[in-house]
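**Q** this is a predicted model, with the sequence first.
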Amino acid sequence: MRKFNNNGFALIEICIFMLGIVIAVSITAAAVQGYSHVERLKLISHEEEELKAIYAE
């Protein structure tokens, strides 16, 4: 019975570990997506400034 309890605990530990990996990956993916979105917005605003400069001439 003791061996069974140990296996059960290890199973719970593995589940928690996997859940932690899933959470970490999702946070990383969200951060990367947010960063690329910010970079895209910077790029768009930079292009707008260039277009305004061209039309101002």
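**A** Perfect, I can see it now. Residues are numbered from 1 along each chain as shown.

**Q** now for Lys42, which secondary structure element holds it?
**A** In this structure, Lys42 is located in helix 2-56 according to DSSP states H and E.

**Q** what about that helix, distance to the chain center?
**A** Centroid separation for helix 2-56 versus its chain: 0 Å, with C-alpha atoms, centre = their mean, to the nearest Å.

**Q** got it, and stretch 44-57?
**A** 32 Å.

**Q** what's the mean pLDDT across it?
**A** In this model, stretch 44-57 carries a mean pLDDT of 80.

**Q** CA-only coordinates of it in PDB, if you can.
**A** Coordinates of each C-alpha in stretch 44-57 appear next as PDB, following Å, rounded to 0.1, in the frame of the first residue of the first chain:
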ATOM      1  CA  ILE A  44       3.700  51.800 -38.500                       C
ATOM      2  CA  SER A  45       4.200  55.000 -36.600                       C
ATOM      3  CA  HIS A  46       7.700  55.400 -38.100                       C
ATOM      4  CA  GLU A  47       6.300  54.900 -41.600                       C
ATOM      5  CA  GLU A  48       3.500  57.400 -40.900                       C
ATOM      6  CA  GLU A  49       6.200  60.000 -39.900                       C
ATOM      7  CA  GLU A  50       8.100  59.300 -43.100                       C
ATOM      8  CA  LEU A  51       4.900  59.700 -45.200                       C
ATOM      9  CA  LYS A  52       4.100  63.000 -43.500                       C
ATOM     10  CA  ALA A  53       7.600  64.300 -44.200                       C
ATOM     11  CA  ILE A  54       7.200  63.300 -47.900                       C
ATOM     12  CA  TYR A  55       3.800  65.000 -48.200                       C
ATOM     13  CA  ALA A  56       5.100  68.100 -46.400                       C
ATOM     14  CA  GLU A  57       7.700  68.800 -49.100                       C
END
